[in-house]
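Asks: After the sequence you'll find the predicted model.
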Amino acid sequence: MGSYSLVICYCFLGLLGSAMAAPPRQPVDVPFQKNYVPTWAADHIKYINGGREVQLVLDKSSGTGFQSRGAYLFGHFSMQLKLVPGDSAGTVTAFYLSSQNSEHDEIDFEFLGNRSGQPYIVQTNVFTGGKGDREQRIYLWFDPTKDYHSYSVLWNMYQIVFFVDDVPIRVFKNSRDIGVRYPFNQPMKLYSSLWTADDWATRGGLEKTDWSKAPFIASYRGFHVDGCDASTSATICATQGQRWWDQRAFQDLDGLQYRRLARVRAKYTIYNYCSDRARFPAMAPECRRDRDI
């Protein structure tokens with residue numbers, strides 16, 4: 001695999017100049033420690049600029065992670081990340097939402113480390129009722145280690161959309177009408193973590209973590225949550241249907257968003273469970289519907 005200039009088509013950037021549907025108000029940065037707490041290895045988290053920027057540190061002794069204090073039922077969730085630079089093979093940086101039971105729901109961004117000079121891989125997944133196995137993988141059209149970029153999830157009763165810098169890279173539609181479970185009644189907390197998974201993360205486990213390059217550092221800022229806080233109740237929020245993310249403009253992608261999604265699929269997608277007949281001989285019902293998008 002060659003360098004970024006050989007693998008990634010930067011002509012995609014020409015699509016990014018025009019306007020796109022976005023949340024109706026500018027999110028406000030909130031200091032990390034007001035909304036989040038360490039999940040484990042708190043000594044491997046560094047706080048910068050009064051908690052408005054956070055670094056997760058991975059060394060041979062431990063990785064680390066954090067979680068939101070609240071649990072949310074629908075909303076818009078975004079974070080700006082700068083991924084582990086250099087030789088990050090075997091490392092995984094994750095940003096995801098997850099409920100807390102055996103039949104859990106989960107919405108995942110996972111960033112799979114690389115050998116120096118190779119592109120990062122972004123893996124997304126959706127778990128419903130404890131069932132996952134819905135991985136999709138893409139290359140990015142920029143180097144995510146050089147600067148901060150925004151990674152976001154829009155989750156409502158109609159769709160789950162994964163965004164990179166406001167470009168949709170994946171849509172998971174509510175397909176309960178054809179028997180596919182959909183996250184709708186289990187509040188989820190927001191998590192992020194940095195750990196080593198060199199048994200699978202880079203080239204299927206062929207590339208191992210080089211601990212001489214440690215510590216590995218992933219940086220975060222822009223801790224934005226605009227969701228229905230259901231921390232004190234497992235019932236559906238009383239404001240369901242009244243928030244901006246429930247409104248018609250956010251129940252589907254617009255034309256420009258669909259064109260951008262199509263370009264991501266055509267130019268940057270390297271794995272899609274929907275087309276993996278060796279692993280899934282029978283196409284999942286949501287994949288058959290997805291072909292019409």
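Replies: Structure's in. What do you need?
Asks: the helices in this protein, which residues?
Replies: 4-7, 32-35, 255-267, 285-290 (DSSP state H).
Asks: I'd like the distance between the nearest residue to Met283 once chain neighbours are set aside and Gly51.
Replies: Closest residue to Met283 apart from its sequence neighbours, by C-beta to C-beta, 6 or more residues apart in numbering: Cys274 at 6.4 Å. No exception for glycine: its C-beta is placed from N, CA and C like everyone else's. Cys274 is 40 Å from Gly51, where distance means C-beta to C-beta, to the nearest Å.
Asks: Could you do Asp165 as well?
Replies: Taken as C-beta to C-beta, the span from Asp165 to Gly51 is 24 Å.
Asks: picking that back up, would you mind telling me which of the helices of the chain is nearest Ile107?
Replies: Nearest to Ile107, of all the helices of the chain, is helix 285-290, at 14.4 Å by C-beta to C-beta.
Asks: Pull out the buried residues from the closest one.
Replies: Across helix 285-290, burial judged by 16 or more other C-beta atoms under 10 Å covers 286-287, 290.
Asks: Which residues does that helix contact?
Replies: With contact meaning C-beta atoms under 8 Å, 6 or more residues apart in numbering, helix 285-290 is reached by 171-173, 175, 178-180, 273-274.
Asks: Identify the residues contacting Tyr148.
Replies: 80-82, 219, 221-222.
Asks: could you dump those to TSV with pLDDT, distance to Thr64 and neighbour count?
Replies: What follows is those, written out as TSV (pLDDT from 0 to 100; distance: C-beta to C-beta, whole Å; neighbours: other C-beta atoms under 10 Å):
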residue	pLDDT	distance to Thr64	neighbour count
Gln80	96	18	19
Leu81	98	15	22
Lys82	98	16	19
Ser219	98	13	19
Arg221	94	17	19
Gly222	91	19	18
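Asks: quick one: which of the residues you listed is nearest Gly117?
Replies: Lys82 (17.9 Å).
Asks: The closest one bridge partners, please.
Replies: For Lys82, the beta-bridge partners are Ser219 (DSSP bridges).
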